[in-house]
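what's the 3D shape of this:
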Amino acid sequence: MSLTTREKLNKFQALPTAKRAQYSYSILRYVHDVATGEFVNVGVVVYSPQQHYFDFNLRKSLGRISDLFPDIKATGFRSLLRVVSRRLEEIKKASEPILDVKPDTRTFEHLLASVLPKDDSALVWANGGTGVSGDVSAVLTRLFERYVAKYDRPKQKQGRTDEDVGRSVRKSLQDRHLLEYFEPKTIEGKSDDVKFEFAWKNGIWHCIEPLSFDLSGADNIRDKAHKCAGEIVGISDSQDKFKVYLVLGKPDRADLTDAFEKAKGILHNVSSAEIYVEDEKDELFDKLRGKISAHF
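Numbering: from 1, shown residues only. The predicted structure follows:
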């Protein structure tokens, strides 16, 4: 039997005072056009000095933003969020109690300003609010759903996964007795890093990245292509010289063929990557086998 509003209030008020804490929150906004003031919410931060609590939730993908602002630069947007996420994570770690010490005396506004000063940046802090709760972490979840994720498209179901394509890659390497030459490798850039499960070095790192585009929507296919391209560009300043071979699994639905071709076009713009559709991967492995034979 569900509780009435009054019963819920009485249950909350019955919580021990020590378990209830004041909190403040702020909304992170992406301002697409400063002149028109067009914006969309992209994150939430919650702070409770009484509980040594500081946590946040930011967008992991463009979602509906690409519908609202078709000309948005996905790579630049994700780069901005990564920078903010790293700064927020530093504050979160510093806020975690080591001993039973006095609450942090820094103001919420000071903490936010240390992450993102007030300027003409595309990311700005919006006015938030305050409250009292016996479960501050639940507040973060509720606020994110309310202010950020409320109008997102339902998560698209996926057919074959990246792991499925990866198993196909592994089998092809095994069949050619090449798997022993490959190892996991993380390419580290100045601001990002990407881990590849299949990498071999002969002067430069040859990295194979399996990707499935067997998704159920054209927008998801496009977003995934932009995400992959952005990640590779994000490590282009690495001290490690590398080449990425993208092995792409095609969508099962024929009506998504055009979206897949456009995704390939996006990825072809990445200078350090070569594109191979999964059913054409023999060409790639024959090429790598020749390089490995010549090397040894």
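
residue ranges for the strands of this protein, please.
Remark: strands assigned in the chain by DSSP state E are 21-33, 38-48, 53-58, 123-133, 183-188, 193-201, 205-212, 242-249, 273-277.

let's have these in JSON lines, adding distance to Ser172 and mean neighbour count.
(Each C-beta comes from the backbone N, C-alpha and C, glycine too.) Shown next, in JSON lines, are the strands of the chain (distance: least, C-beta to C-beta, whole Å; neighbours: other C-beta atoms under 10 Å):
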{"stretch": "strand 21-33", "distance to Ser172": "42", "mean neighbour count": "19"}
{"stretch": "strand 38-48", "distance to Ser172": "40", "mean neighbour count": "22"}
{"stretch": "strand 53-58", "distance to Ser172": "37", "mean neighbour count": "21"}
{"stretch": "strand 123-133", "distance to Ser172": "43", "mean neighbour count": "15"}
{"stretch": "strand 183-188", "distance to Ser172": "17", "mean neighbour count": "15"}
{"stretch": "strand 193-201", "distance to Ser172": "10", "mean neighbour count": "18"}
{"stretch": "strand 205-212", "distance to Ser172": "10", "mean neighbour count": "23"}
{"stretch": "strand 242-249", "distance to Ser172": "9", "mean neighbour count": "22"}
{"stretch": "strand 273-277", "distance to Ser172": "11", "mean neighbour count": "17"}
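
for Glu163, which of the ones you listed is the nearest?
Closest of the strands of the chain to Glu163 is strand 205-212, at 7.9 Å (criterion: C-beta to C-beta).

helices and strands around the closest one, which ones?
Applying 3 or more C-beta pairs under 8 Å, 6 or more residues apart in numbering; DSSP states H and E, one finds that strand 205-212 makes contact with helix 162-175, strand 183-188, strand 193-201, helix 218-234, strand 242-249, helix 281-295.

mind redoing it with 10 Å?
Under the contact definition 3 or more C-beta pairs under 10 Å, 6 or more residues apart in numbering; DSSP states H and E, strand 205-212 sits against helix 162-175, strand 183-188, strand 193-201, helix 218-234, strand 242-249, strand 273-277, helix 281-295.

strand partners (parallel or antiparallel) of the fifth one?
I take that to be strand 242-249. Paired neighbours of strand 242-249 in the sheet (DSSP bridges): strand 205-212 (parallel), strand 273-277 (parallel).

closest to Thr107 out of those?
Comparing the strands paired with strand 242-249 by C-beta to C-beta, strand 205-212 comes nearest, at 44.4 Å.

mind saving the C-alpha coords of the longest helix along the chain as CSV?
In the chain, ranked by residue count with DSSP state H as the criterion, the top helix is helix 74-95. Extracted in CSV, the C-alpha atoms of helix 74-95 (Å, rounded to 0.1, in the frame of the first residue of the first chain):
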residue,chain,number,x,y,z
ALA,A,74,30.4,17.3,-30.7
THR,A,75,34.2,17.0,-30.2
GLY,A,76,34.5,20.4,-28.6
PHE,A,77,31.4,19.9,-26.4
ARG,A,78,32.7,16.6,-25.0
SER,A,79,36.1,18.1,-24.5
LEU,A,80,34.6,20.9,-22.4
LEU,A,81,32.7,18.4,-20.3
ARG,A,82,35.8,16.3,-19.7
VAL,A,83,37.7,19.3,-18.4
VAL,A,84,34.8,20.2,-16.0
SER,A,85,34.5,16.5,-14.9
ARG,A,86,38.1,16.3,-14.0
ARG,A,87,37.9,19.5,-11.9
LEU,A,88,34.8,18.4,-10.1
GLU,A,89,36.3,15.0,-9.4
GLU,A,90,39.3,16.7,-7.7
ILE,A,91,36.9,18.6,-5.4
LYS,A,92,34.9,15.4,-4.7
LYS,A,93,38.0,13.5,-3.6
ALA,A,94,39.1,16.4,-1.4
SER,A,95,35.6,16.5,0.2
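
now do that helix against strand 53-58, angle only.
Counting by axes from the mean of the first three to the mean of the last three C-alpha atoms, to 10 degrees, helix 74-95 lies at 170 degrees to strand 53-58.

closest one to Leu112 among the helices and strands packed on strand 205-212?
Checking the helices and strands packed on strand 205-212 against Leu112 by C-beta to C-beta gives helix 218-234 as the closest, at 25.5 Å.
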